[in-house]
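Trainee: 3D model of this:
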Amino acid sequence: MKYCLIGERLSHSYSAEIHKGRGLNYDLKEVPRCGLADFIKEGYDGFNVTIPYKKDIIPFLDGVDESAARIGAVNTVVRRGGKYYGYNTDIEGMRYAVSRKGISLTDSNVMILGSGGAACTAKALCGEEGAKSVVTVSRNGEINYGNCYDFKDTEIIINATPVGMFPNIGETPIDLSRFPDLKGVFDCVYNPFNTALILQAKKLGIQCSDGLPMLVKQALEAQKLWGFTTEKDDTEDIINGLYSNKLNVVLVGMPSSGKTTVGKLVANILGKKFIDTDAEIFNATGKTPAEIIETSGEKTFRDTETEIITRLAVDTGAVIATGGGAVLRGENVSALKANGVVFYIKRDLSLLTAENRPLSAGGGIARLYEDRKALYERAADFTVENNGKKELCADEIAQMFSANRYNQKI
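Mentor: As a prediction, the model looks like this:
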């Protein structure tokens, strides 16, 4: 029995990990827009469908489930007797994801961003859940990204576009601050976990969810159609496992606060790779941060640091120790939060040193501490003190992460 996911670009996908984790022979198969007819002939026992083929696949199927036909999109296909039948498990995945975070569509004014298969699913779900009104926004539609802000009474926004998805993680389709009644945001994108849209929702204090819970739930529903079932409902176990494996642990804090030393210990405990942004800067330039600052000035160093952090932000499953000034630029913090949980390693001023740190020299360390303290606190999801044994600090970070407390921040 062989299964797969088809789509145009699949480097962002976690689907194979979900299905292989359940023992299925499952692959990712990128198919060009002109290649659907040839793909069907390959004889897979079942397959999932993602962007941009959830509508396009329908003419190639021998039958479509009533619900999928009503939705107008297929994301799961089953082969029976040599024929292919289409279903939509996305709707149950989306239902699970929004309810999981307490986002209610019932009697709500909903705005759906996009016009593809995921948008069709969202519209169908709104109908089933009894939404008060549904507005669909598209680039070239009557309601577009220019005039959508006229709908001031929007309460729930569902992003059913790939905007903000890896590798274009800094993009956002809409400005949430322009909707005064907004109380819930769901983003179908799951890589990164914290898109720019989700980060803005969190900043505004709006209840929100990324697309990973939807991905997992729809995958398990697809497996049922393929004949695979389990006695235990392990949906949450799989969701938390993926968060734990894929999320980065990001360490911020003052120079000499112990980020590198503690970070290596945390990486060892959690079985994650360790990345030091200052070391990455040296690898890229052949100079230490101190040497760049002394020869080319702080701005040149900060620009280089931002380039490195932006590149590292698309990585997953790492412990990342940042330079002391990484939080000075908001774009750095946003990039690090895209796939990361941020820990502020707080250390008493009396224990900090200015050795080999030009910006801390000459008594400047106290000034830096006062200037940056609020930035560290604002960037952090959690704060951990490192005034004693570094092993204790590392253990605390690892325990907080492993205990799924990060799930509160996702």
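
Trainee: and V110, which helix or strand is it part of?
Mentor: Secondary structure assigned from DSSP states H and E places V110 in strand 109-113.

Trainee: next structured bit after that strand?
Mentor: Next element after strand 109-113 (DSSP H and E): helix 117-129.

Trainee: now the element after that following helix, going C-ward?
Mentor: Immediately after helix 117-129, counting by DSSP H and E, sits strand 133-137.

Trainee: list the buried residues in the helix or strand D38 falls within.
Mentor: In this structure, D38 is located in helix 36-40 according to DSSP H and E. The neighbour-count check on helix 36-40 (16 or more other CB atoms under 10 Å) flags L36, F39, I40 as buried. The way it works is simple: take the backbone N, C-alpha and C, and place the C-beta from them, glycine included.

Trainee: returning to what we had before: tell me which other helices or strands the strand holding V110 touches.
Mentor: helix 117-129, strand 133-137, strand 156-159 (3 or more CB pairs under 8 Å, 6 or more residues apart in numbering; DSSP states H and E).

Trainee: swap in 10 Å and give it another go.
Mentor: helix 117-129, strand 133-137, strand 156-159, strand 184-187 (3 or more CB pairs under 10 Å, 6 or more residues apart in numbering; DSSP states H and E).

Trainee: quick revisit: which of the buried residues of helix 36-40 lies closest to C4?
Mentor: If you rank the buried residues of helix 36-40 by distance to C4 using CB to CB, F39 comes first, at 9.1 Å.

Trainee: distance check, the closest one against I6.
Mentor: 6 Å (CB to CB, to the nearest Å).

Trainee: one more: G323?
Mentor: In terms of CB to CB, G323 sits 42 Å off from I6.

Trainee: residues contacting M1?
Mentor: Counting by CB atoms under 10 Å, 6 or more residues apart in numbering, M1 touches L24, N25, Y26, Y44, D45, G46, R79, W226, G227, F228.

Trainee: starting at the chain centroid, how far to the strand ranked longest in the chain?
Mentor: Identified as the longest strand of the chain according to DSSP state E is strand 340-346. Between the centre of strand 340-346 and the centre of its chain there are 17 Å (CA atoms, centre = their mean, to the nearest Å).

Trainee: on contacts alone, who are the packing partners of that strand?
Mentor: strand 248-252, helix 259-270, strand 318-321, helix 330-338, helix 364-379, strand 382-385, helix 390-402.

Trainee: what's the end-to-end length of stretch 26-43?
Mentor: End-to-end span of stretch 26-43 (CA to CA, to the nearest Å): 13 Å.

Trainee: so G205: helix, strand or coil?
Mentor: Here G205 is recorded as coil under DSSP: H, G, I helix; E, B strand; the rest coil.

Trainee: hmm, I was thinking of K299
Mentor: helix.

Trainee: where in this structure is pLDDT low?
Mentor: Residue ranges of the chain with pLDDT under 70: 354-363, 404-410.

Trainee: wait, what's in contact with the residue nearest the centre of it?
Mentor: In the chain, the centroid-proximal residue (CA atoms, centre = their mean) is F193; its distance is 1.2 Å. Residues in contact with F193 (CB under 10 Å, 6+ apart) are 187, 209-212, 242-243, 246-248, 316, 337-341, 406, 409-410.

Trainee: same thing but at 7 Å, please
Mentor: Contacts for F193 (CB atoms under 7 Å, 6 or more residues apart in numbering) come out as D210, L212, L247, N339, I410.

Trainee: likewise for R302?
Mentor: By CB under 7 Å, 6+ apart, the residues touching R302 are L328, R329.

Trainee: check the gap between it and I293 for me.
Mentor: Taking CB to CB, one finds R302 at 9 Å from I293.

Trainee: repeat for A97
Mentor: 45 Å.

Trainee: same thing with T304?
Mentor: 10 Å.
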